[in-house]
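Engineer: Predicted structure and sequence below. I'll ask about it afterward.
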Amino acid sequence: MSVITAARGTMPLAGHLREARRRAFRAAVSLLVGVVVGFVLSDQILDVLRAPVEELARSRAASLNYDTVTGAFDLELKIALFTGLIVSSPVWLGELFAYLTPGLTRREKKYVIGFSAAAAPLFVAGCAFGFLIFPRMVGVLAGFSSDQDSTILDAAYYVGFVMKIVLATGVAFALPAVLVMVNCLGVLPAHRLRSSWRTIVVVIALFSALVTPAADVLSMFLVALPMSALFGAAVAITSVHDRRASRRALAQQHPDLFSTT
């Protein structure tokens with residue numbers, strides 16, 4: 001029986017459902033507030049997203065286009081949902097982990113709370129980083145066409161392209177915090193991370209190549225370098241944690257070696 005199951009076994013099923021409903025309601029309210037904020041700011045956000053296209057229009061015919069009558073409104077809703085998801089992420093992540101923590105030990109609760117405190121800002125920072133690099137990607141990809149050609153972009157597809165980049169970098173930046181939490185919970189030892197660093201670097205390079213234009217090596221490095229640095233920090237933190245855990249275990253097994261005279 002797992003720790004969570006054993007610890008939660010004393011609470012009736014109805015209590016679990018009430019707690020889940022209460023936390024889901026809070027998360028939904030935070031998401032709704034974020035969506036409202038995103039809808040209010042959707043025009044300003046779209047102006048930022050449109051900037052690379054306007055830059056492109058200085059050298060050729062380029063514009064965003066809507067293929068339906070409701071296309072502009074649908075796009076604003078899409079931007080609002082996307083913005084709300086990011087803005088409310090500290091709340092719904094906190095509610096998710098708060099629902100899980102009663103089934104954890106005191107030490108595991110500390111790790112999960114620390115993970116939540118680190119993962120949310122890392123996710124937001126990753127999203128902001130993706131938001132900063134996407135104009136360069138748009139310029140490089142659109143630059144493959146001739147100056148005599150017209151670049152007519154479907155607005156929904158274009159915004160979806162930017163959202164994928166932003167979300168991908170957000171998740172990638174938060175992933176090292178997940179590795180640290182899993183290590184602190186005793187699932188993933190640090191030596192496995194150290195022994196597989198080559199594979200992880202290759203995965204980071206492949207991920208960076210997928211979310212950046214194939215011909216834009218600079219953008220690829222701009223994505224890969226911070227991800228590699230975060231992974232290196234995760235390896236260092238997990239190594240320190242494992243060494244301390246080993247010392248504590250050794251002290252418990254041989255207290256005479258650590259006793260003071």
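Structural biologist: Arrived safely, thanks for sending. Numbers count the residues shown, from 1 in each chain.
Engineer: Please, which helix or strand holds A24?
Structural biologist: Using DSSP states H and E, A24 sits within helix 13-40.
Engineer: for L153, same thing?
Structural biologist: Using DSSP H and E, L153 sits in strand 151-154.
Engineer: got the buried residues for that strand?
Structural biologist: Within strand 151-154, the residues that qualify as buried by neighbour count (16 or more other CB atoms under 10 Å) are 151, 153. C-beta: built from backbone N, CA, C; applies to glycine.
Engineer: what do you get for stretch 76-85?
Structural biologist: By neighbour count, with 16+ other CB under 10 Å as the criterion, the buried positions of stretch 76-85 are 76, 78-80, 82-85.
Engineer: Stretch 189-196 now?
Structural biologist: In stretch 189-196, the ones that count as buried by 16+ other CB under 10 Å are 189-190, 193.
Engineer: among those, which are in strands?
Structural biologist: In strands, judged by DSSP state E, none of those are found.
Engineer: Kindly indicate which of these lies nearest S239.
Structural biologist: Proximity to S239 was ranked across the buried residues of stretch 189-196 by CB to CB; first place goes to A190, at 4.4 Å.
Engineer: For the closest one, give me the pLDDT.
Structural biologist: Looking at A190, its pLDDT stands at 82.
Engineer: That one is in contact with A245, isn't it?
Structural biologist: No: shown here, A190 and A245 do not form a contact pair, counting by CB atoms under 8 Å, at 9.7 Å.
Engineer: can I get the buried residues of stretch 76-85 in a markdown table with secondary structure?
Structural biologist: As requested, the buried residues of stretch 76-85 are arranged in a markdown table below (DSSP: H, G, I helix; E, B strand; the rest coil):
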| residue | secondary structure |
| --- | --- |
| E76 | helix |
| K78 | helix |
| I79 | helix |
| A80 | helix |
| F82 | helix |
| T83 | helix |
| G84 | helix |
| L85 | helix |
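Engineer: Provide a list of residue ranges in the stretch 151-261 of the chain with pLDDT below threshold.
Structural biologist: Across the stretch 151-261 of the chain, the stretches falling below the confidence threshold (pLDDT under 70) are 211-216, 254-261.
Engineer: Likewise for the stretch 1-150 of the chain?
Structural biologist: By pLDDT under 70, the low-scoring segments of the stretch 1-150 of the chain are 1-13, 16, 100-104, 108, 143, 147.
Engineer: Let's see that with 50 instead.
Structural biologist: The stretch 1-150 of the chain contains residues with pLDDT under 50 at 1-9.
Engineer: Helices along that one, start to end?
Structural biologist: Per DSSP state H, counting those that start in this stretch, the stretch 1-150 of the chain carries helices over the ranges 3-8, 13-40, 42-56, 71-87, 89-100, 106-142.
Engineer: Indicate which one of the ones you listed is closest to A155.
Structural biologist: Distances from A155 to each of the helices of the stretch 1-150 of the chain were compared using CB to CB; the minimum, 5.4 Å, belongs to helix 71-87.
Engineer: What lies in contact with the closest one?
Structural biologist: Counting by CB atoms under 8 Å, 6 or more residues apart in numbering, helix 71-87 makes contact with 31-39, 41-43, 45-46, 66, 68, 123-124, 127, 155-156, 159-160, 163, 166, 170, all of which sit outside it.
Engineer: Please save the CA atoms from that helix in PDB.
Structural biologist: The C-alpha coordinates for helix 71-87 follow below in PDB (Å, rounded to 0.1, in the frame of the first residue of the first chain):
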ATOM      1  CA  GLY A  71     -12.400  34.400 -36.400                       C
ATOM      2  CA  ALA A  72     -11.400  37.600 -34.600                       C
ATOM      3  CA  PHE A  73     -13.600  36.800 -31.600                       C
ATOM      4  CA  ASP A  74     -12.500  33.200 -31.500                       C
ATOM      5  CA  LEU A  75      -8.900  34.300 -31.500                       C
ATOM      6  CA  GLU A  76      -9.400  36.700 -28.600                       C
ATOM      7  CA  LEU A  77     -11.000  33.800 -26.600                       C
ATOM      8  CA  LYS A  78      -8.000  31.600 -27.500                       C
ATOM      9  CA  ILE A  79      -5.600  34.300 -26.300                       C
ATOM     10  CA  ALA A  80      -7.700  34.800 -23.100                       C
ATOM     11  CA  LEU A  81      -7.700  31.100 -22.300                       C
ATOM     12  CA  PHE A  82      -4.000  30.800 -22.900                       C
ATOM     13  CA  THR A  83      -3.200  33.900 -20.800                       C
ATOM     14  CA  GLY A  84      -5.500  32.700 -18.000                       C
ATOM     15  CA  LEU A  85      -3.800  29.300 -17.900                       C
ATOM     16  CA  ILE A  86      -0.400  31.000 -17.400                       C
ATOM     17  CA  VAL A  87      -1.500  33.700 -15.000                       C
END
